[in-house]
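*Asks:* here is a sequence together with a model predicted from it:
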Amino acid sequence: MLGVFDVVGPVMIGPSSSHTAGAVRLGRMAVAVLAAKPVKAEIFLHGSFATTGKGHGTDLALIAGILGMRTDDENIVNAREIADKEGLQVKVAVADLGIVHPNTAKIAVWDATGRERTIVGSSVGGGNIQVSQINNFDVNLTGQYHTVCAVYRDRLGMIAKVSELLAQAQVNIARMHVSREGRQGKALMIVETDNPIPGKTVSAIRSLQEIENAFYLEPVID
């Protein structure tokens, strides 16, 4: 449940915390998942993002977030020009993303090697966000916590192994979410923590036998 200070929203540039501040944070989250400088981005606007987002600068806010700007950056209004100068190729389109929050966008980003990451996320009020998909895996991320994401083969004991590595690093788990394609298939573990996760711990998680990839996300909520 959102509190009164969450609904009031953050210091920001733009007329709407949902269409501007939340959009900036969604852009930043997409790049955090990519974990590299993006050279290309495709943005698909759904619902009210699509119908009123242009007037509220939602497209600019999403691009600004992909460029690494924060919600109070005065250059949000210049995001397209800055993207051009930095060599970031951007496409913005309208799409029906199904039964999702009205303020939802799908963001695909690529790095210089051609590696792609895609998220689906919503701006849920007061500048708060909820990411519901990463690369077609169902997730529930708010961007408020330090987070480790691990793609792995679904095997007995994997959750316990990751939890033990975090405990050894004195990292306290706040929330955990696991989704999978099917029994014994590919799975995604999302662990949100109260304190930063050391790089050596992320590396240790990545080196576990059944782990295909693991990456660390810092909070995007200012």
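*Replies:* All right, it came through fine.
*Asks:* pull the residues that contact stretch 175-185.
*Replies:* Applying CB atoms under 8 Å, 6 or more residues apart in numbering, the contact partners of stretch 175-185 are 137-140, 145, 153-155, 159, 186-192. (Each C-beta comes from the backbone N, C-alpha and C, glycine too.)
*Asks:* what is the burial count for residue 46?
*Replies:* Burial of residue 46 is recorded as 22 neighbouring residues (other CB atoms under 10 Å).
*Asks:* tell me the bridge partners for it.
*Replies:* Here residue 46 sits in beta bridges with residue 104, as judged by DSSP bridges.
*Asks:* residue numbering should commence at 378 henceforth.
*Replies:* Renumbered: residue one is now 378, and that last one reads residue 423.
*Asks:* just the pLDDT at it, thanks.
*Replies:* For residue 423, the pLDDT comes out at 95.
*Asks:* leaving out the residues flanking it, which one is nearest to residue 583?
*Replies:* Closest residue to residue 583 apart from its sequence neighbours, by CB to CB, 6 or more residues apart in numbering: residue 591 at 4.2 Å.
*Asks:* from residue 574, how far out is the one you found?
*Replies:* For residue 591, the distance to residue 574 equals 10 Å [CB to CB, to the nearest Å].
*Asks:* domain assignment for the chain?
*Replies:* Residue ranges for the domains of the chain, per automatic domain parsing: 381-512, 523-594.
*Asks:* so of these, which one's packed in deepest?
*Replies:* Highest mean neighbour count among the domains of the chain (mean count of other CB atoms under 10 Å): domain 381-512, with a mean of 20.
*Asks:* which stretch of helix or strand covers residue 565?
*Replies:* Applying DSSP states H and E as the criterion places residue 565 in strand 563-570.
*Asks:* got the contact list for that strand?
*Replies:* Counting contacts by CB under 8 Å, 6+ apart, the residues outside strand 563-570 that touch it are 511, 514, 516-519, 521-531, 535-536, 539-540, 543, 548-558, 589.
*Asks:* one more time with 6 Å, if that's ok
*Replies:* Residues outside strand 563-570 that contact it (CB atoms under 6 Å, 6 or more residues apart in numbering) are 514, 516, 522-529, 531, 548, 550-557.
*Asks:* run the chain-centre distance for that strand.
*Replies:* In terms of CA atoms, centre = their mean, to the nearest Å, the centre of strand 563-570 is found 13 Å from the chain centre.
*Asks:* helix or strand right after that strand?
*Replies:* Following strand 563-570 in sequence order, the next helix or strand is helix 576-583 (DSSP H and E).
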